[in-house]
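Novice: next input, structure requested:
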Amino acid sequence: MTDNLFSQILMPFAIAYIMFGIGANIDLGDFNKTFRRPKALFTGLAAQILVLPIIAFTLNMFFDIDPIYKVGLVLIAACPGGTTSNIVTLFLKGRLALSVALTALNSFIILFTIPFIMKFALVIYEGLEQDIKMPIMETIGNMSFTVLAPTILGMLIRYYLPMFVSRAQKTINISMTIFLLFVFAGLFTFENSGTENLSEYAFLFVPALILNAASMFAGYLLALIMSITNRGRFTIAIQVGLQNSALAIYVASKLLGQTEMAVIAIIYSSFSLFSTALWAYIMKKYL
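Specialist: Now for the predicted structure:
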């Protein structure tokens, strides 16, 4: 009964509810401003699409690990920011509209960038010529129903029922976080998440952690060079620090048929929420 309860049923509901809550925290004016003055948006996309993979390829030069794990590290870097990045941005009072816009836009852009980046990585590290066909319609459908529609609904309710949202906002914020933690706990407790023998792969923790920290500070530095305010800088850093590990696992195990490659994504997901929140807090307070 619990084989796919959390991953296939509860997780999509959790993401949808979280994005509804995120939308209820976004002012329409902030969202319009993000697109009217898109410098921060383009900077964040550049950090995710270009800087992150470059960092992963560079890190692979310094670690003597199996080629399949090097490809896995690049795969993590090629993925978009996950939904949890929006939660961290919310609680650190970052630019929430910017965070959601980056999550949504990059989730569509990766339909074209992941096949290109991964084909390059497979040739370099494994000598394989393998094409990746991303499930375009499935991805668009998932994004529409779990991210875009709930976010827009939350924003509309905030716009038309501001008093209701004002009273319920704290409850929504707390409940969506508890719901997400409950689903994560269920995934790791009841479902085969690939973590049974994770201690065997402890050596992959260091490159994964360095990727997380290096990408965040690179994103922050790029935003600083572009004269973006601190609030925007640490928001972009959060986006490049919290990658969609579930997508990386799916690409590795389902599209490429290399389950071992997914291990580094599992390791990354085990700590990146906490490390990203910590680095972002330091950036907000001290940089």
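
Novice: okay, and the residue nearest to Ile49 when sequence neighbours are not counted sits in which element?
Specialist: Spatial nearest neighbour of Ile49, chain neighbours left out: Thr113 (5.8 Å); criterion: Cβ to Cβ, 6 or more residues apart in numbering. Glycine gets a C-beta too; all of them are placed from N, C-alpha and C. Using DSSP states H and E, Thr113 sits in helix 96-126.

Novice: before we move on, back to that, my guess is the residue nearest to Ile49 contacts Gln48. True?
Specialist: No. At 9.2 Å, Thr113 does not count as touching Gln48 under the criterion of Cβ atoms under 8 Å.

Novice: give me the more crowded residue out of those two.
Specialist: When Thr113 and Gln48 are compared on other Cβ atoms under 10 Å, the one with more neighbours turns out to be Gln48, at 28 against 18.

Novice: any idea how far the more buried one is from Leu287?
Specialist: 20 Å (Cβ to Cβ, to the nearest Å).

Novice: can you report how many residues neighbour Tyr250?
Specialist: Using other Cβ under 10 Å, Tyr250 has 16 other residues around it.

Novice: what of Leu181?
Specialist: By other Cβ under 10 Å, 12 other residues sit near Leu181.

Novice: tell me which element it is part of?
Specialist: Going by DSSP H and E, Leu181 is in helix 162-190.

Novice: following that helix, which helix or strand comes up?
Specialist: Counting by DSSP H and E, the next helix or strand C-terminal to helix 162-190 is helix 205-225.

Novice: check which helices and strands that next one is in contact with.
Specialist: If contacts are counted by 3 or more Cβ pairs under 8 Å, 6 or more residues apart in numbering; DSSP states H and E, helix 205-225 sits against helix 39-46, helix 52-60, helix 67-78, helix 230-241, helix 263-286.

Novice: now the angle between helix 67-78 and the last one, please.
Specialist: Looking back up the chat, that one is helix 263-286. Orientation check (axes from the mean of the first three to the mean of the last three Cα atoms, to 10 degrees): helix 263-286 against helix 67-78 gives 40 degrees.

Novice: buried residues in helix 263-286?
Specialist: Buried residues in helix 263-286, counted by 16 or more other Cβ atoms under 10 Å: 263-270, 272-273, 275-277, 279-280, 283-284.

Novice: the first one now?
Specialist: For helix 39-46, the neighbour count (16+ other Cβ under 10 Å) marks 40-41, 43-46 as buried.

Novice: same thing with the third one?
Specialist: When neighbours are counted by 16+ other Cβ under 10 Å, the buried residues of helix 67-78 are found to be 67-78.

Novice: any chance of those residues in TSV, with pLDDT and distance to Ser199 too?
Specialist: Below are the buried residues of helix 67-78 laid out as TSV (pLDDT from 0 to 100; distance: Cβ to Cβ, whole Å):
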residue	pLDDT	distance to Ser199
Pro67	92	22
Ile68	92	19
Tyr69	94	16
Lys70	94	21
Val71	94	22
Gly72	93	18
Leu73	95	19
Val74	95	24
Leu75	94	22
Ile76	95	20
Ala77	94	24
Ala78	93	27
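
Novice: and of these, the nearest to Ile54?
Specialist: Ala77 (8.4 Å; Cβ to Cβ).

Novice: distance between stretch 75-90 and the chain's centre?
Specialist: In terms of Cα atoms, centre = their mean, to the nearest Å, the centre of stretch 75-90 is set 2 Å apart from its chain centre.

Novice: quote the end-to-end distance of it.
Specialist: End-to-end span of stretch 75-90 (Cα to Cα, to the nearest Å): 26 Å.

Novice: what residues are up against Ile110?
Specialist: Residues near Ile110 by Cβ atoms under 8 Å, 6 or more residues apart in numbering: 78-80, 134, 247.

Novice: ok so, going back, what angle do the helix holding Leu181 and helix 263-286 make?
Specialist: In terms of direction (the same axes, to 10 degrees), helix 162-190 departs from helix 263-286 by 140 degrees.
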